[in-house]
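In: Below: sequence and its predicted model.
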Number of protein chains: 2
Amino acid sequence: MNLKVYTKYMEKMLTIQKMSQVTGLSTHTLRYYEKIGLISSIRRKENGYRLYSEADIVWVEFLNRLRAIGMPIQQMQEYAALRMKGDETITQRRKMLEDYNQQVQQQLFEVKQNLSAIQDKIKLYRKMEEEYERSKGLNRLIEGS
Amino acid sequence: MNLKVYTKYMEKMLTIQKMSQVTGLSTHTLRYYEKIGLISSIRRKENGYRLYSEADIVWVEFLNRLRAIGMPIQQMQEYAALRMKGDETITQRRKMLEDYNQQVQQQLFEVKQNLSAIQDKIKLYRKMEEEYERSKGLNRLIEGS
DNA sequence: GCTTGCATTAGAGTTCACTCTAAAGTATAT
DNA sequence: ATATACTTTAGAGTGAACTCTAATGCAAGC
């Protein structure tokens, strides 16, 4: 009889390829993030292949969120280092997130300002285009072309 | 008598240093932008020194806005090329700005989503910290420390 | 057993947007 | 005249965040 032993735990573990599909990071990037300390101590099969857990997925999805709001990798590394130290760093981590949240709010504000100026320019262009259309119509009337 | 002839025009022209102060771009970046075609045909003094006009300032400020909303330099180059062709490219330019405006709106939306998830995490951390404070208080009651 | 498609590593290469350097000429102040 | 502070150019260097390569090993299907 072929007895293969799985724990519930192991059944949920993902290869790097699956992990890549789930998180949207390339396998290259997953290894890179591990190398620079953003992801730590990934489990391995006997043959050395990586195995990612549910918790790893959750963590990488969080990293994705930090990246989506533009946090530089250096800060993510600091955050990851705090996280590895355990629960006594929660206050520091909260403060990091609050600070960065503030920065992003500020950036959003500035982008909106600039975007609004761009939108004004779009409106101006629309008016110039109308003006041009009008003059074409006029020319037709005058020149009968 | 020392007769130095200025036109009103020339009096307003800026050296690269002044231009740098006015626009916030370094002199290096001003030359770089010119080299890659973002800024074109800057006037020169007899000695070859650049002289920037009012119109140049307005244009560089516009470039600054495009950069502030994250437009890649390649697209700015396309835009600048259209601008150099003259008024008949206004419709194309308007469309470029509209398209990019749409993209930024989408990005803003996504950043806000992710930021909101981060803010939830901040709240969670605050609760964990309170919990921890409470348990310290309890311990004092129980252990009398 | 062989092919195809995974995995591993160290380290090199890429892209973007600057940023700086070196060598040389010009301008101003004393 | 000399020091300093500016300007010019071509081209090299930087830092961030990947992205890819090469060499090698493991695994599944036929």
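Out: Yes, it's here. Residues are numbered from 1 along each chain as shown, chains lettered A, B, ... in the order given.

In: residue contacts, the residue in chain A positioned nearest to DNA strand D?
Out: In chain A, the residue that lies nearest DNA strand D is A:Ile73 (3.1 Å; Cβ to the nearest atom of the strand). Yep, even glycine has a C-beta here, placed from its N, CA and C like the rest. Going by Cβ atoms under 8 Å, 6 or more residues apart in numbering or on different chains, A:Ile73 touches A:Ile36, A:Leu38.

In: all helices of chain A, in order?
Out: A:8-11, A:16-23, A:27-35, A:54-68, A:73-85, A:90-143 (DSSP state H).

In: Distance to B:Lys95 and mean pLDDT added to those, as JSON lines?
Out: Supplementary listing: those in JSON lines, determined by distance: least, Cβ to Cβ, whole Å; pLDDT from 0 to 100:
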{"stretch": "helix A:8-11", "distance to B:Lys95": "52", "mean pLDDT": "47"}
{"stretch": "helix A:16-23", "distance to B:Lys95": "35", "mean pLDDT": "97"}
{"stretch": "helix A:27-35", "distance to B:Lys95": "34", "mean pLDDT": "98"}
{"stretch": "helix A:54-68", "distance to B:Lys95": "28", "mean pLDDT": "98"}
{"stretch": "helix A:73-85", "distance to B:Lys95": "35", "mean pLDDT": "98"}
{"stretch": "helix A:90-143", "distance to B:Lys95": "9", "mean pLDDT": "92"}
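
In: chain center to stretch A:57-64: distance?
Out: 10 Å (Cα atoms, centre = their mean, to the nearest Å).

In: buried ones in that stretch?
Out: A:Ile57, A:Trp59, A:Val60, A:Phe62, A:Leu63 (16 or more other Cβ atoms under 10 Å in any protein chain shown).

In: ditto for stretch A:18-28
Out: A:Met19, A:Ser20, A:Thr23, A:Leu25.

In: Any part of it near DNA strand C?
Out: Yes - using Cβ under 7 Å from any atom of the strand, we find that stretch A:18-28 touches DNA strand C at A:Lys18, A:Thr27.
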